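In: Have a look at this prediction, sequence included:
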Amino acid sequence: MSRSQRAGGRSLRVTHLASGDLWAGAEVQLYNLLCAMSALSDVSIEAVLLNHGELERRLVAARVPTLVLSESKLSSGRLMLRLARHFRTWRPDLLHTHRYKENVLGSIAALGQPGLKSVRTVHGGPEVTVHPLRLSKSLPQMADMLCARFLQQKVICVSKQLLDQYAHKIPNFKLAVVENGIDVDAVVRSAARDVALPGMDMPMKIAFLGRFVQVKRLDLIIEIAKELHAADPGRYAVYLIGDGPMKEQVEGLIRQYGLQDVVHLVRFVAEPAPYLAKMNVLLMTSDHEGLPMTVLEALCLGVRVVSRAVGAIPQVLGYGRYGDLITSQEPAAYIRAIEGIASAPTRVQEQAADAYAHVMENYSAARKALAYLEIYEQVVGGVRVRPTGA
């Protein structure tokens, strides 16, 4: 009998609850995880989403059972009731939630299903700092933390740094780390598609891929672009690929510095690999991160990563072996790394093969699916396993 089979001979049943409104790093990671898990014989999975969108479309195409309970049509109370009703029908053994709202709604709804355990993945730190006196914004985060402490059995972080942030809030035996995983073959296949971009005649092409939000520090990227262009006009092109609430501010900075022919805004793309494959550098200047999927994709495609040393990025980059780690938010530190890459293309190409092998060995979606399955079995079996160093 398979190690994950429950009483009555059926396999372990897991419901993943996610928003599904975006197609960003957390959603890509969830998609990769569910596809990898669907290939395992000893677990049955389903996705419950709160929004129609790209994640739903891809999961349906991958034949992952998917239910949408639209939050635009249902209040939080009705969502909770619908979730509880669904749990009684499908009878999952474990609920896996993926964001603040889903953490709260899901873990409370799970109380109505006897024996249903609940875990969450922490994909990154909060994008805004909430003042404790602003109750309208602090109360949801307080509710989320209470659910983590008292209603959910595991808090799974995508980096050791994120785990450390939770260590003073959550009992150690509840904490675990599972880094993101990637379908390397799918990324390489996607990268073969040709795409058109302005400025492709520039010798050095630098990209940012992600949401246009404060924590990503796009202002710093534009400052870096300004100084690179001033030092060596005609050598560098910078591509900001994505969308978000800071788009108008970003456009204003580009106009202010006269960088319209240097910094190019590219709309959000659901398949970033073809764009990333055309780049020499992936630039990450975030104040904090978990483990960005774009970093893994860049290593798969031979693109050098220059990143702030935050989250799980130092570990993924082999602490500098597979990319350049920056320890300050001074533009000069990033510029030195980029100019070093431009001056030593042969060295960068030689290291790219090692980076690809590193991702294949340590960050495949299949390997991470097995790591999650091990945690699921511990939780459903009621076994408390302390993480290393706890």
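Out: Structure received. Quantities reported herein were computed from a predicted structural model and do not represent experimental measurements.
In: how close does Arg99 get to His16?
Out: Arg99 sits 11 Å away from His16, going by CB to CB, to the nearest Å. Using the backbone N, CA and C atoms, a C-beta is placed for each residue, glycine as well.
In: which of these two has more neighbours?
Out: His16 (25 against 21; other CB atoms under 10 Å).
In: The helix or strand hosting the more buried one - which strands sit beside it in the sheet, and in what orientation?
Out: Element membership for His16 (DSSP states H and E) is strand 12-18. Note on strand 12-18: by DSSP bridges, its sheet partners are strand 43-49 (parallel), strand 94-97 (parallel).
In: quick check: angle from the helix or strand that the shortest one is followed by to strand 43-49?
Out: Along the chain past strand 94-97, the next helix or strand (assigned with DSSP H and E) turns out to be helix 100-109. In this structure, helix 100-109 runs at an angle of 120 degrees to strand 43-49, with axes from the mean of the first three to the mean of the last three CA atoms, to 10 degrees as the basis.
In: For helix 100-109, which helices and strands make contact with it?
Out: If you count contacts as 3 or more CB pairs under 8 Å, 6 or more residues apart in numbering; DSSP states H and E, helix 100-109 packs onto strand 12-18, helix 76-90, strand 94-97, strand 117-122, helix 135-150.
In: thinking again about what came up before, which among the strands paired with strand 12-18 is found nearest to Leu291?
Out: Comparison of those against Leu291 by CB to CB identifies strand 94-97 as nearest, at 17.4 Å.
In: Pull out the buried positions in that closest one.
Out: Across strand 94-97, burial judged by 16 or more other CB atoms under 10 Å covers Leu94, Leu95, His96, Thr97.
In: cool, stretch 62-80 as well?
Out: Val64, Thr66, Val68, Leu69, Glu71, Leu79, Met80.
In: Kindly state the beta-bridge partners for the third one.
Out: Here Val68 shows beta-bridge partners Leu49, assigned using DSSP bridges.
In: Test my guess that it contacts Ala47.
Out: No - using CB atoms under 8 Å, Val68 makes no contact with Ala47, being 9.0 Å away.
In: what is in contact with these two at once?
Out: Glu56 (CB atoms under 8 Å, 6 or more residues apart in numbering).
In: in terms of contact, does Arg367 touch Asn180 like I think?
Out: No - the criterion here is CB under 8 Å, and Arg367 misses it with Asn180 at 11.0 Å.
In: Have a look at the two and say which one is more surrounded.
Out: Comparing Arg367 with Asn180 by other CB under 10 Å, the one with more neighbours is Asn180, at 26 against 15.
In: Got phi/psi on that one?
Out: Note on Asn180: its backbone torsions stand at phi -60, psi 150 [degrees, to the nearest 10].
In: which residues touch it?
Out: Gly25, Gln29, Asn32, Val158, Gly290, Leu291, Met293, Leu296, Ala312, Tyr363, Lys368.
In: Thr285 too?
Out: Residues near Thr285 by CB under 8 Å, 6+ apart: Phe208, Lys216, Arg217, Leu218, Leu220, Ile221, Ile224, Ser307, Arg308, Ile326, Gln329, Tyr334.
In: Kindly report the same for Gly311.
Out: The contact partners of Gly311, taken as CB under 8 Å, 6+ apart, are Gly124, Val158, Ser159, Gln161, Leu162, His288, Glu289, Gly290, Leu291, Pro292.
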